[in-house]
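Colleague: Curious how this folds, go ahead:
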Amino acid sequence: MKTLKDYIRNVPDFPKPGIGFKDITTLIGHGEVFHQAVDALAAQFEADKIDKIVGIEARGFIFAAALAYKWKKSFIPVRKPGKLPAKTISEEYDLEYGTDKVEMHQDAIQTGDRILIIDDLMATGGTVQACTRLVEKLGGVVAGIGFLIELTFLNGRSRLTGYPVSSILSFDSE
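Modeller: Have a look, this model is predicted:
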């Protein structure tokens, strides 16, 4: 019997040499398996303790939107700079070589909103850490952080100390 992990395709040397890309299209391309993955993520959190769900561009949108729909919650996209049409707030984060930035609409969260942050994969944790800062800048409370996949060998959780973090699948090496 196949597991969810069996539906993740590893693409060597993508997007650059030495990287083993975890391709989720082979999971979401099977309706029943996608359904199982969304249900597995949902089981990690209590819907009645979540007000809104943040999804991180781009693949995080897939799972965050599915959870928002399932629980009848608001979906908030976090995007790369210049992609959101109204006033935004931004947060910069470090990359291996340089920095990057994510943005959220400044009216997306109200003080006290309990926010679940969802992404498909956690590597070093920089992007999701920037998202926690965006949520908190707007007065929101990070109620949880969820991932379909965690690359444990990159130790991204170390950046998320103090937050409830859950992942469904883990990979201990590339």
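
Colleague: Let me see the ranges of the strands in this structure.
Modeller: According to DSSP state E, the chain carries its strands in the segments 9-12, 20-23, 52-56, 74-78, 88-95, 98-105, 114-122, 141-151, 165-171.

Colleague: okay if I get those as JSON lines plus distance to residue 62?
Modeller: For the C-beta atoms, the positions are set from N, CA and C on the backbone; glycine is no exception. Shown next, in JSON lines, are the strands of the chain (distance: least, CB to CB, whole Å):
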{"stretch": "strand 9-12", "distance to residue 62": "15"}
{"stretch": "strand 20-23", "distance to residue 62": "13"}
{"stretch": "strand 52-56", "distance to residue 62": "8"}
{"stretch": "strand 74-78", "distance to residue 62": "11"}
{"stretch": "strand 88-95", "distance to residue 62": "22"}
{"stretch": "strand 98-105", "distance to residue 62": "17"}
{"stretch": "strand 114-122", "distance to residue 62": "7"}
{"stretch": "strand 141-151", "distance to residue 62": "9"}
{"stretch": "strand 165-171", "distance to residue 62": "14"}
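
Colleague: For the protein, which residue occupies the most central location?
Modeller: For the chain, the residue nearest the mean C-alpha position is residue 119 (1.4 Å; CA atoms, centre = their mean).

Colleague: what bridges to that one?
Modeller: Beta-bridge partners for residue 119, by DSSP bridges, are residue 147.

Colleague: Next up, the contacts around it.
Modeller: By CB atoms under 8 Å, 6 or more residues apart in numbering, the residues touching residue 119 are 55, 56, 59, 60, 63, 64, 127, 128, 146, 147.

Colleague: All set now, cheers.
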